Every structure is written in C-alpha cells, then in structure tokens.
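[1] Any chance you could fold what I've pasted below:
(one chain, ligands or ions: 1)
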Amino acid sequence: MKIFGIPIFPEQASTFAKDVDALYFFIFTVSAFFALAVAVSVIYFGLRYHRNHDGEIGARIEGSLPLELLWSVIPTLIAMVMFGWGASVFYHLRRPPDEAMQIYAVGKQWMWKFQHLEGQREINELHIPAGRPIKITISSEDVLHSLYFPSFRTKMDAIPGRYTELWFEAQAPGTYHIFCTEYCGTNHAGMIGSVTVLDPPQYQAWLQGGGIEGTLAQRGAKLFTSLQCDTCHLDAGQGRGPSLRDIVGTTVTLQDGSTAVVDDAYLRESILNSQAKIVNGFKPLMPTFQGLISEENLIALIEHVKSMSPKGATTAAPAAPPAATGAAPDRPEKK
Ligand code: CUA
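    Predicted coordinates:
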C-alpha cells in the first residue's frame with residue numbers, strides 16, 4: 001500500500017495478513033480518534049474558558065456519577081474488544097496447523113540459514129510452496145536475532161540455546177522480504193534476505209534441482225554414527241543408553257521420578273547437556289556435547305531421531321500438490 005507514492009504497508013501475502021491488518025487499523029483508528037478528541041477539547045476549553053480578568057473565580061464542580069460511569073464503561077468495553085480480538089488473532093498466529101511443512105532456520109551474525117527436510121540448505125534465501133502452511137523452527141548460533149516476514153505479518157525471536165517457532169501460509173507466488181528485527185551487532189541492518197514463493201509444482205521442481213548430500217535425517221544418521229551415538233543407543237534397549245526408536249512424542253520417566261515429554265527441546269537438552277535429565281534405569285555416562293556440535297548438526301541429529309519415530313515425527317513434504325484443501329477457488333489473485 002502506498003500513500004503519496006511512499007510505500008507504507010507491505011503486501012498482504014499470507015492467509016492471516018488481512019486479520020492482522022484489520023486489527024491494527026482498528027486499534028490505530030480508535031487511538032487516533034481519542035488522541036484527536038482530547039487534543040481538540042484541550043484547545044477548545046483553553047480558549048473558551050480562559051481567565052478574562054484578575055480575580056475571576058471558576059464555578060465549583062462537584063462531579064457527576066453518570067459521567068464518571070460513562071467514561072469508565074465505554075473505554076473498558078473498547079479495551080475488551082481489542083483484547084478479545086487481539087487474543088484470537090494471536091492464538092491463530094502462534095499455533096501451527098498439524099499438517100504444516102517443517103523448515104529449520106538458524107540465525108547467525110549476520111545471516112539466516114535455512115534447512116529443508118529434503119536436504120536443501122539456503123542462506124538468506126528461502127524457497128517455499130504457495131498455499132501450504134509452513135512451520136519454521138528457529139534457533140541462533142550466537143546472539144538474539146528475530147526472523148521477520150513483513151508480507152506474511154509474522155516474526156519470532158531467534159534465541160540462543162532454545163527453539164522457537166512461527167508459521168504462515170503464503171497465498172501467491174512472488175518474492176518477499178526477510179528481515180532481522182532484533183539489533184544484533186554491526187551488520188544487523190544487512191541481515192536481510194528474500195523468500196521466494198513458488199507454485200507447488202515449481203517447488204517440487206526446485207527440490208529436485210541442485211546436488212544435495214541426502215535428506216536432513218540422512219545427514220543426521222551419518223552424524224549419529226560418526227559421533228558414536230550408535231554404540232550406546234542400541235535399538236533393542238540393552239545398550240548403555242535408552243533406545244531412541246519411537247520415543248519422539250512419548251513421555252519418559254526420569255531418575256528422580258519426574259517425567260518429561262520427548263520433543264525438540266528435550267532432545268536438544270539431552271544432546272548438549274546430557275546430565276540434565278537421566279532416564280530412569282540408566283547411568284549418567286553420556287558425554288555432553290555443549291560447544292562441540294553446531295546448531296545445524298543438532299537439527300540434523302534431531303531429525304534423525306524423529307525419523308526413528310515415524311508416528312510422532314514431522315516428515316518431509318509429500319510430492320502431492322495440496323489440491324485436496326479446496327482453498328484454491330476463493331484465494332484472491334495477486335495484484
Ligand atoms: Cu540479526 Cu539483527
């Protein structure tokens with residue numbers, strides 16, 4: 001959107017961009033109305049009731065219950081509408097659909113690295129299919145960053161030592177900005193990129209092109225062997241470490257009797273700080289890998305462990321185009 005030729009708003013390129021903008025303009029309009037009303041009233045009353053001569057004394061005002069109620073109840077109602085509306089949009093933005101396609105992002109001074117489950121790796125560029133929910137799991141190799149897609153109206157911090165996530169569904173093919181929106185050092189302003197949204201068949205073609213060294217999970221499997229994880233984590237469960245087969249999504253009992261759900265964060269901690277949570281019945285024999293393994297290799301290892309749990313894991317994009325969603329006919333055309 002342009003005002004006087006100046007680009008004010010980025011394109012609405014995701015399914016929830018319109019919802020976010022509608023809420024934004026509602027809050028903006030209400031705020032502008034009251035700011036203007038207060039300013040005009042202050043000026044009007046200042047002119048109308050100013051002191052005309054020395055010794056003039058204003059009338060005594062005792063207050064008015066109906067007025068007090070009016071200016072308490074109306075703003076409360078307006079604030080509640082903002083809260084309810086905002087909470088519903090926020091809830092939608094923060095909950096990726098189950099069928100979302102998984103992509104990993106790693107922030108690093110000063111670039112964005114993206115990894116597809118199929119094995120493709122990109123730097124400051126991201127290729128995705130249109131009309132399909134995309135979930136991005138984000139981590140950082142050094143300091144705080146924030147992954148921002150202005151046209152998709154979503155962003156999320158990249159926090160060292162933790163996984164965060166965002167999701168969106170791009171509506172139409174095109175190229176859109178990627179920014180870092182957390183001041184992260186000298187070249188923060190240069191930590192930018194572009195996301196290319198392709199038609200699903202084009203995306204499949206893009207996936208086929210270019211030499212890759214196997215899928216993300218296959219790279220993880222190689223690491224699993226080279227880091228000698230496989231010498232202790234035997235499948236049958238008689239190894240020195242617990243079997244990792246089918247553990248993703250399950251709840252494990254720990255030494256102190258507490259329980260933990262096996263998710264990305266649990267796997268991450270168990271690799272980097274293996275003494276933190278020891279599964280009941282096992283000894284704290286595993287070395288810690290803190291500082292010895294990059295964020296990208298960590299992602300590959302986690303994907304490998306997920307691939308050993310076919311039910312609870314995210315899987316690579318199926319080849320079928322998303323024709324079954326039935327969303328295509330009412331999807332607005334890109335202007
Ligand atoms: Cu990364 Cu700013």
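
[2] check which helix or strand covers the most centrally placed residue in the chain.
    The geometric centre of the chain, computed from its C-alpha atoms, lies nearest to L166 (CA atoms, centre = their mean), at 1.8 Å. If you go by DSSP states H and E, L166 is part of strand 164-169.

[3] all helices for the stretch 1-150 of the chain, in order.
    Listed in chain order, the helices of the stretch 1-150 of the chain (DSSP state H, counting those that start in this stretch) span 17-48, 65-94.

[4] If you count contacts, what does the first one end up packed against?
    In this case it means helix 17-48. Under the contact criterion of 3 or more CB pairs under 8 Å, 6 or more residues apart in numbering; DSSP states H and E, helix 17-48 touches helix 65-94. Backbone N, C-alpha and C define where each C-beta goes, glycine included.

[5] The helix it packs on - contacts with which helices or strands?
    helix 17-48.

[6] re the thing from before, would you mind putting the helices of the stretch 1-150 of the chain into TSV with distance to Q171, mean pLDDT and mean neighbour count alongside?
    Output for these, formatted as TSV (distance: least, CB to CB, whole Å; pLDDT from 0 to 100; neighbours: other CB atoms under 10 Å):
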stretch	distance to Q171	mean pLDDT	mean neighbour count
helix 17-48	8	95	12
helix 65-94	15	95	11
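
[7] TSV please, covering those and showing distance to V195.
    Formatted as TSV, the helices of the stretch 1-150 of the chain follow (distance: least, CB to CB, whole Å):
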stretch	distance to V195
helix 17-48	14
helix 65-94	17
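
[8] Dump the ones you listed into TSV; add distance to the ligand as well.
    Formatted as TSV, those follow (distance: least, CB to the nearest ligand atom, whole Å):
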stretch	distance to the ligand
helix 17-48	22
helix 65-94	21
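
[9] How about the residues of the stretch 151-300 of the chain by the ligand?
    C180, E182, Y183, C184, H188, M191 (CB under 6 Å from any ligand atom).

[10] wait, doesn't the last one sit right on C184?
    Yes - with contact defined as CB atoms under 8 Å, M191 counts as touching C184 (6.7 Å).

[11] got any residues that touch both of those two?
    Common neighbours of M191 and C184 (criterion: CB atoms under 8 Å, 6 or more residues apart in numbering): G107, Q109, W110, H145.

[12] ok, and of these, which contact the ligand?
    Okay, of those touching the ligand (CB under 6 Å from any ligand atom), that's G107, W110, H145.

[13] Which residue is the nearest non-sequential neighbour of whatever residue of the stretch 1-150 of the chain ends up closest to the ligand?
    The stretch 1-150 of the chain approaches the ligand most closely through H145 (3.4 Å), counting by CB to the nearest ligand atom. Excluding its sequence neighbours, the residue lying closest to H145 (CB to CB, 6 or more residues apart in numbering) is G107, at 3.5 Å.

[14] does that neighbour have beta-bridge partners, and which?
    Taking DSSP bridges as the rule, G107 bridges to W112, S140.

[15] With P133 as the reference, name the closest of the helices of the stretch 1-150 of the chain.
    Closest to P133 of the helices of the stretch 1-150 of the chain is helix 65-94 (CB to CB; 11.4 Å).

[16] Now do the closest one against helix 17-48, angle only.
    150 degrees (axes from the mean of the first three to the mean of the last three CA atoms, to 10 degrees).
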